[in-house]
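>>> For reference, the sequence and a predicted model appear below.
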Amino acid sequence: MDNILNELLNYTPHEVRIVWKDSDGNEQDLLLPPQPEPIRLDEIDTDLPAGGWIPFCIRRYGSSNLPAYRPGVILIVSHVVAAQFPTRRDLCYPAADIRNDKGQIIGTSKLCQVPIPA
């Protein structure tokens with residue numbers, strides 16, 4: 001991840017609220033509206049020759065609307081999108097749910113990246 005964060009964009013289909021404590025211990029929050037078009041995964045199937053009546057395939061995932069990398073820009077996406085592009089260090093997902101008294105998710109206290117494959 002870049003050391004300088006210039007922009008944080010929400011590519012999930014819903015608002016993302018990030019909550020943290022500043023250096024004085026005061027709670028801060030940032031509400032990020034979704035971008036007009038969320039990042040979705042495309043299913044890419046390769047059919048396998050099957051020796052019987054059950055069809056088999058290999059399924060890969062891609063994304064036709066994943067923006068190009070831009071230094072200083074972090075894209076908030078779903079965990080499944082981030083997992084499909086583990087070398088993209090600009091992709092993060094909400095990782096620590098904050099819930100209300102009804103158990104509904106109302107925010108996150110951190111953003112997470114998936115590990116780079118070994």
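It's in. Being a predicted model, the structure only gives us computed values, none of them experimental.

>>> Give me the distance between the nearest residue to residue 56 once chain neighbours are set aside and residue 58.
If the residues on either side of it in the chain are set aside, residue 56 comes closest to residue 48, at 4.3 Å by Cβ to Cβ, 6 or more residues apart in numbering. The way it works is simple: take the backbone N, C-alpha and C, and place the C-beta from them, glycine included. According to Cβ to Cβ, to the nearest Å, residue 48 stands 6 Å off from residue 58.

>>> which ones are touching the residue nearest to residue 56?
56, 57, 58 (Cβ atoms under 8 Å, 6 or more residues apart in numbering).

>>> Before we move on, what's the pLDDT of the residue nearest to the last one when sequence neighbours are not counted?
Spatial nearest neighbour of residue 58, excluding adjacent residues (Cβ to Cβ, 6+ apart): residue 46 at 4.7 Å. Here the pLDDT value assigned to residue 46 is 92.

>>> Was I right to think residue 46 contacts residue 56?
No. Look at residue 46 against residue 56 with Cβ atoms under 8 Å: they stay out of range, at 9.9 Å.

>>> what about the residue nearest to residue 58, how many neighbours?
9 (other Cβ atoms under 10 Å).

>>> would it count as being in a strand?
Yes. Residue 46 sits within a strand when classified using DSSP: H, G, I helix; E, B strand; the rest coil.

>>> which residues pair with residue 29 across the strands?
Beta bridges link residue 29 to residue 19 when assigned by DSSP bridges.

>>> For residue 85, see how far away it is.
For residue 29 relative to residue 85 (Cβ to Cβ), the value is 28 Å.

>>> which one of those two has more residues nearby?
residue 85 (19 against 11).

>>> give me every residue that touches the closest residue to residue 94 other than its chain neighbours.
Closest residue to residue 94 apart from its sequence neighbours, by Cβ to Cβ, 6+ apart: residue 108 at 3.7 Å. Shown in contact with residue 108 (Cβ under 8 Å, 6+ apart): 16, 17, 18, 19, 94, 95, 96, 97, 98.

>>> Right, I'll call it a day here.
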